[in-house]
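Novice: Next input, structure requested:
(chains A and B)
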There are 2 protein chains.
Amino acid sequence: MLNYSVPLDGLFHALADPTRRVMVERLSRGPASVSALARPLAMSLPAVMQHLQVLEASGLVHSEKVGRVRTCRIEPAALRTVEQWITERRTTWERRLDRLGEYLAEHPDDPDQRSES
Amino acid sequence: MLNYSVPLDGLFHALADPTRRVMVERLSRGPASVSALARPLAMSLPAVMQHLQVLEASGLVHSEKVGRVRTCRIEPAALRTVEQWITERRTTWERRLDRLGEYLAEHPDDPDQRSES
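Specialist: The predicted structure is shown next:
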């Protein structure tokens, strides 16, 4: 039953920080240099680089240095991995609710339904 | 531009742990007592309670004690909050890719397209 999925650990951890989410938001609109990423953030370039390292370690972001400019890009497959996990939980919950609704409609006098209120 | 969204911090942090994700998976299939939640987990009940506290603090799980049994339930609105944030990033990225594809189809000889490779 336990599924110690290390990629999900890193992905959710990376997204638990508001600065890193701002960086992901920016990169979802297109590739950006590190200095462009840092511009709207009220922090030093080394601090931005540390956040970038967490994002890269998680697999959410990939960066490449050409000459003196490091360009960062989002990794859409990583976004989809997170989205899929969440969507599966949400749809499991909704399907259960649908089944419960059908059961209650078919058994309006079943006293057990109170335990599911 | 910065959006220090505290709920998202707590939600992503709560989901960054594999044990807590197993608990969320279980609860997406229906409410459960703390002892039922703990059964498949290789850890003490106090450790499970600590994870439960993190899940409750994030808003992902709500628990209620009736008599001697504490019953835990998923909070679907919290799942949707996480899903919405991720889906917005993914669709922003895909829309940008669509626009880029249209541009390249209309301007096949534009040398600037190489910067978007």
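Novice: State the helix or strand in which the residue nearest to the spatial centre of chain A lies.
Specialist: Nearest to the geometric centre of chain A sits residue A:82, at 4.6 Å (CA atoms, centre = their mean). Assigned by DSSP states H and E, residue A:82 belongs to helix A:76-106.
Novice: in that helix, what's buried?
Specialist: Buried residues in helix A:76-106, counted by 16 or more other CB atoms under 10 Å in any protein chain shown: A:78-79, A:81-83, A:85-87, A:89-90, A:92-93, A:96. Just so you know, the C-beta spots here come from the backbone N, C-alpha and C atoms, and that holds for glycine as well.
Novice: quick one: that helix to chain centroid distance?
Specialist: Helix A:76-106 has its C-alpha centroid displaced from the chain centroid by 17 Å (CA atoms, centre = their mean, to the nearest Å).
Novice: Can you name every helix or strand that that helix contacts?
Specialist: Other helices and strands packing on helix A:76-106, by 3 or more CB pairs under 8 Å, 6 or more residues apart in numbering or on different chains; DSSP states H and E, are helix A:6-15, helix B:18-28, helix B:76-106.
Novice: can you tell which of these is closest to residue B:10?
Specialist: Smallest distance to residue B:10 across the helices and strands packed on helix A:76-106 (CB to CB): 9.2 Å, for helix B:76-106.
Novice: separation between the spatially closest residue to residue A:48 that is not a sequence neighbour and residue A:32?
Specialist: Closest residue to residue A:48 apart from its sequence neighbours, by CB to CB, 6 or more residues apart in numbering or on different chains: residue A:38 at 4.3 Å. Remark: distance between residue A:38 and residue A:32 (CB to CB, to the nearest Å) = 9 Å.
Novice: on that earlier part again, compute the inter-axis angle for the helix holding residue A:82 and helix A:6-15.
Specialist: With axes from the mean of the first three to the mean of the last three CA atoms, to 10 degrees applied, the angle from helix A:76-106 to helix A:6-15 works out at 100 degrees.
Novice: on that earlier part again, from what I can see the residue nearest to the centre of chain A touches residue A:10, true?
Specialist: No - look at residue A:82 against residue A:10 with CB atoms under 8 Å: they stay out of range, at 10.5 Å.
Novice: Tell me where the model's unsure across chain A.
Specialist: Low-confidence segments of chain A (pLDDT under 70): A:1-6, A:110-117.
Novice: Apply 50 and report the result again.
Specialist: Residues of chain A that meet the criterion pLDDT under 50 lie in A:1-5, A:116-117.
Novice: As a quick check, tell me the outermost residue of it.
Specialist: Residue of chain A lying farthest from the centroid, by CA atoms, centre = their mean: residue A:109 (42.9 Å).
Novice: so is that residue in a helix, a strand, or just coil?
Specialist: Under DSSP: H, G, I helix; E, B strand; the rest coil, residue A:109 falls in the coil class.
Novice: what about it, distance to chain B?
Specialist: 22 Å (CB to the nearest CB, to the nearest Å).
Novice: Residue B:37 versus that residue, what's the distance?
Specialist: Residue A:109 sits 31 Å away from residue B:37, going by CB to CB.
Novice: Residue A:64 pairs with what?
Specialist: Note on residue A:64: beta-bridge partners residue A:71, judged by DSSP bridges.
Novice: Surely it touches residue A:34?
Specialist: No - between residue A:64 and residue A:34 there is no contact under CB under 8 Å: 11.1 Å.
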